[in-house]
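Q: sequence? don't have it. structure:
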């Protein structure tokens with residue numbers, strides 16, 4: 001059974017930083033692209049960032065480019081998301097995701113990701 005466990009969310013003031021982590025277990029290999037989505041109250045789920053399984057390709061949403069950094073851990077199927085210069089509009093539940101398809105690209109579509117974590121709340125106060 002595949003499980004994604006996120007950690008690191010919390011409450012922070014605008015301009016502050018947080019580091020989210022996600023560890024996926026139960027996967028049969030480490031050739032999986034991973035990423036993050038977020039969903040704010042009354043809004044649709046949106047893409048945040050993704051990283052190729054070999055770490056050689058990364059993609060960010062325009063809204064977080066230059067502020068957030070996604071990275072892979074040495075441990076298999078573990079990713080981190082460093083959130084810097086946080087803004088109130090970054091407030092959302094952040095979800096870790098895994099793409100089971102092995103390919104060279106990175107998807108920004110939620111439907112292309114097969115496994116989702118339970119989510120971790122990030123709240124940014126003004």
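A: The structure has been received and is ready for your questions. Bear in mind the structure is a predicted one, so any value in this text is a computation, not a measurement.
Q: in this structure, which ranges drop under the pLDDT threshold?
A: For the chain, not a single residue meets the criterion pLDDT under 70.
Q: List the contacts of the residue positioned nearest the centre of the chain.
A: By CA atoms, centre = their mean, the chain has its centre lying nearest to residue 36, at 2.1 Å. Residue 36 makes contacts with 20, 22, 48, 49, 50, 70, 79, 81, 94, 95, 96, 97, as judged by CB atoms under 8 Å, 6 or more residues apart in numbering. C-beta coordinates here come from the backbone N, C-alpha and C atoms, glycine included.
Q: Secondary structure element holding it?
A: In this assignment (DSSP states H and E), residue 36 forms part of strand 33-39.
Q: Check the burial of the residue lying closest to residue 38 once chain neighbours are set aside by counting its neighbours.
A: Closest residue in space to residue 38, ignoring its immediate chain neighbours: residue 92 at 3.9 Å, by CB to CB, 6 or more residues apart in numbering. Residue 92 has 22 neighbouring residues, counting by other CB atoms under 10 Å.
Q: And stretch 17-32, what's buried?
A: 18, 20, 21, 22, 23, 24, 27, 32 (16 or more other CB atoms under 10 Å).
Q: again with stretch 61-80
A: Judged by neighbour count (16+ other CB under 10 Å), stretch 61-80 contains these buried residues: 61, 64, 68, 69, 70, 72, 77, 78, 79, 80.
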